[in-house]
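Engineer: Just need the structure, nothing else, for what follows:
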Amino acid sequence: MKGPDSAAPRRIALICVLTCALGALAPARGLAEPFESDPAAIARDADYAAGKQAMEKKNWSEALKRYEIALKRNPDNADLHNYLGFSYRNAGKMDLAFKHYLRAIELDPRHRGAHEYIGEAYLMVKNLAKAEVHLAALEKICLLPCEELDDLRAKIAAYRKGASN
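Structural biologist: Down below sits the predicted model:
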């Protein structure tokens, strides 16, 4: 006669299989579009969409103007803060860039784009230690390979190489 625990390994294996199957069916946040947690927000907000178009054209002043207007309607949108940080960074206004990146991360601690971009911004102001904090955050967030982690890792490696020369 089998003991009461003889079925335990089969139950554990079944639980593992079911957990993996459910995980594969659920939308994985780490696999979503890298910079926008709510892509439909662009369709709902003309200023957000115009800001994104201006950003793609590297028209930072127009992007900032449009994103600031959109932010008045939606102050707790992590994506808007991330884009504002990116636009301010490219406009050379690092204090405002850091303010918005940090707000994006406060609103969404797993925001991959904000972690990548703030890490790059820290490299621009020669703060490797802070950039590495955000690299470590991305290593925890990106359970599967993700572009943001790869990009920041490469930028840090290039920074170190340049610093050693």
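Engineer: burial of Glu116, as a residue count?
Structural biologist: Neighbour count of Glu116, defined by other C-beta atoms under 10 Å: 28. No exception for glycine: its C-beta is placed from N, CA and C like everyone else's.
Engineer: Oops, could you answer that again for Lys126 instead?
Structural biologist: Counted by other C-beta under 10 Å, the residues lying close to Lys126 total 10.
Engineer: ok, now Leu143?
Structural biologist: Count around Leu143 with other C-beta under 10 Å applied: 10.
Engineer: excluding its backbone neighbours, what's nearest the residue minimising distance to the centre of the chain?
Structural biologist: When C-alpha atoms, centre = their mean is applied to the chain, the residue found nearest the centroid is Arg112 (1.6 Å). Among residues not flanking Arg112 along the chain, Glu148 sits closest, at 4.1 Å (C-beta to C-beta, 6 or more residues apart in numbering).
Engineer: Same question for Arg89.
Structural biologist: Arg89's closest residue in space is Ala97 (C-beta to C-beta, 6+ apart), at 3.8 Å.
Engineer: returning to that earlier point: how close does the residue nearest to the centre of the chain get to Glu56?
Structural biologist: The gap separating Arg112 from Glu56 is 19 Å, by C-beta to C-beta, to the nearest Å.
Engineer: Before I go, just wanted to say thanks for your time.
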